[in-house]
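Colleague: Predicted model, plus sequence, below.
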Amino acid sequence: MSVKLHLHVQARLIERGATEAEVIATVEGGTTFPAQLQRTGFRRNFPFNAECAEWRGKFYATKKV
């Protein structure tokens, strides 16, 4: 499957703490779910094992993309 990221998605990657590779892997192999406006959403968990300053310095073992 060829995945192209919209410019809006690319701009939000840093803000959301995800990489382009994680987003592509999520679309290619993540779980699908029904989203608004008859669209399909995708989600996938990735190992994180770090503290996140943006989330009050809390430690997280995984992150959901």
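Modeller: Received, thanks. Residues are numbered from 1 along each chain as shown.
Colleague: Tell me which stretches of this structure form helices.
Modeller: Along the chain, counting by DSSP state H, helices occupy 7-16, 20-29.
Colleague: These: lowest mean pLDDT?
Modeller: Ranked by mean pLDDT, these end with helix 7-16 in last place, scoring a mean of 88.
Colleague: For that one, name the packing helices and strands.
Modeller: Packing partners of helix 7-16 (3 or more C-beta pairs under 8 Å, 6 or more residues apart in numbering; DSSP states H and E): helix 20-29. Yep, even glycine has a C-beta here, placed from its N, CA and C like the rest.
Colleague: re earlier: let me have the helices of the chain in CSV, adding distance to A61 and mean neighbour count as columns.
Modeller: Putting the helices of the chain into CSV (distance: least, C-beta to C-beta, whole Å; neighbours: other C-beta atoms under 10 Å) gives the following:
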stretch, distance to A61, mean neighbour count
helix 7-16, 18, 10
helix 20-29, 16, 15
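Colleague: So for W55, which of those sits nearest?
Modeller: helix 7-16 (11.7 Å; C-beta to C-beta).
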